[in-house]
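Colleague: just the structure for this:
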Amino acid sequence: MTPEQLLHHHDQAGFWPAASGLDVPEAYQRALAVRQLRMDRGEQPRGYKVGFTNRSIWPRYQVFGPIWGTVWDSTLSYCEGQGEVSLAGTCQPRLEPEAVFGIAATPPANASLDELLACIAWVAPGFEIVQSHQPGWKFVAADTVADGALHARLLVGARVPVATLASDAQALEQKLAGAHITLSCGGRQVDQGMGANVLDGPLHALQHFLQELRSCPGAPELQPGDVVTTGTWTDAWPVAPGETWTAAFDAPLSGLTVRFC
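Modeller: Numbering: from 1, shown residues only. You can find the predicted model right below:
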């Protein structure tokens, strides 16, 4: 499909007629072309979503490595602990609880974890809403890259300055990687996970993403003010309007509740 056709299916929240037939490098170029089309109509990038960092779900989706996509001003929202998100215009939406970083400065080339930490302003809990325009969530990695399906909505909870949490990257990563989460819907426990599920910790997921971003021809650099959401700590769960979901994170992240409409 052409970039215009991809964007049309995205806007119509409908299923693709067939798989893309692309390989992963071609899919990123197609996704970047769709990104430009969205910018041309007035949408503004606000960062990136890194997906499939949780190795425990790779066999289920037959995707065996992290991939990334763009977060938009039209799809990003903030709250202090409770928020509402519309699922209108999404296709087969699923929810992922994640750690989100706010970027203060563009990291240097080949940044170490400590150099990366120096470029981060805050960390927060987040609910990423992902989607698929292929029936039954049956796809290969290139399809979901071209689709931009890694990101449909992002709700960011209470933001905590990283400088108040740890003096170095190892200490912060130990806190985040060792933190657990309980995910519930309507008061019923659905799943559990921990920060170490995402490439051994969210900071490591961010470092890996930066390397991948910079190896992709034409991909825009990470900018001050961007957000990066680093991958789900649990499986991705189907959601529907009227449902209320809660993620009970261990410190240093606070809890997050979302109501879908």
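Colleague: can you pull the buried residues of stretch 106-115?
Modeller: By 16 or more other CB atoms under 10 Å, the buried positions in stretch 106-115 come out as 107, 111, 113. To be clear about C-beta, it is placed using only N, CA and C from the backbone, and glycine gets the same treatment.
Colleague: meant to ask about stretch 214-224, not that
Modeller: Neighbour counts using 16+ other CB under 10 Å place 219, 222 of stretch 214-224 among the buried residues.
Colleague: end to end on that stretch, go ahead and measure it.
Modeller: End-to-end distance of stretch 214-224 (CA to CA, to the nearest Å): 16 Å.
Colleague: go on, stretch 223-235?
Modeller: Stretch 223-235 end-to-end distance (CA to CA) = 29 Å.
Colleague: show me how far stretch 167-178 is from its chain's centre.
Modeller: For stretch 167-178, the gap between its own C-alpha mean and the chain's C-alpha mean amounts to 20 Å (CA atoms, centre = their mean, to the nearest Å).
Colleague: what mean pLDDT does that stretch get?
Modeller: Mean pLDDT, stretch 167-178: 96.
Colleague: now that stretch: buried residues?
Modeller: Across stretch 167-178, burial judged by 16+ other CB under 10 Å covers 169, 172-177.
Colleague: who's in contact with it?
Modeller: The contact list for stretch 167-178 (CB atoms under 8 Å, 6 or more residues apart in numbering) reads 99, 112-114, 116-117, 123, 162, 165-166, 194-196, 200-204, 250-253.
Colleague: which of the residues you listed fall in strands?
Modeller: 99, 123, 194 (DSSP state E).
Colleague: taking the centroid of this structure, which residue is nearest it?
Modeller: Geometric centre of the chain, nearest residue: residue 49, 3.2 Å, by CA atoms, centre = their mean.
Colleague: using the three-state scheme, assign the closest residue to that residue other than its chain neighbours.
Modeller: Distances taken as CB to CB, 6 or more residues apart in numbering place residue 151 nearest to residue 49, at 4.0 Å, with adjacent residues excluded. At residue 151 the chain is in coil, as set by DSSP: H, G, I helix; E, B strand; the rest coil.
Colleague: let me have the buried residues of stretch 106-115 in a markdown table, extended by pLDDT and distance to residue 134.
Modeller: Listed next are the buried residues of stretch 106-115 as a markdown table, based on pLDDT from 0 to 100; distance: CB to CB, whole Å:
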| residue | pLDDT | distance to residue 134 |
| --- | --- | --- |
| 107 | 97 | 34 |
| 111 | 95 | 35 |
| 113 | 96 | 36 |
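Colleague: can you redo the residues you listed as JSON lines with distance to residue 209?
Modeller: Formatted as JSON lines, the buried residues of stretch 106-115 follow (distance: CB to CB, whole Å):
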{"residue": "107", "distance to residue 209": "11"}
{"residue": "111", "distance to residue 209": "11"}
{"residue": "113", "distance to residue 209": "13"}
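Colleague: please identify which of those residues is nearest to residue 219.
Modeller: Distance ranking of the buried residues of stretch 106-115 against residue 219, using CB to CB, places residue 107 first at 14.3 Å.
Colleague: identify the residues contacting the closest one.
Modeller: The contact partners of residue 107, by CB under 8 Å, 6+ apart, come to 115-116, 119, 210, 222.
Colleague: picking that back up, nearest to residue 242 among the ones in strands among the contacts of stretch 167-178?
Modeller: For those, the nearest to residue 242 is residue 99 (27.1 Å; CB to CB).
Colleague: that older thread, most neighbours among the ones in strands among the contacts of stretch 167-178, which one?
Modeller: Counting neighbours by other CB atoms under 10 Å, residue 99 comes out on top of those with 28 neighbours.
Colleague: can you read off the pLDDT for that one?
Modeller: 98.
Colleague: count of residues packed around the nearest residue to it once chain neighbours are set aside?
Modeller: Spatially, and ignoring its direct neighbours in sequence, residue 99 is nearest to residue 202 (4.1 Å; CB to CB, 6+ apart). By the other CB under 10 Å criterion, the neighbourhood of residue 202 contains 30 residues.
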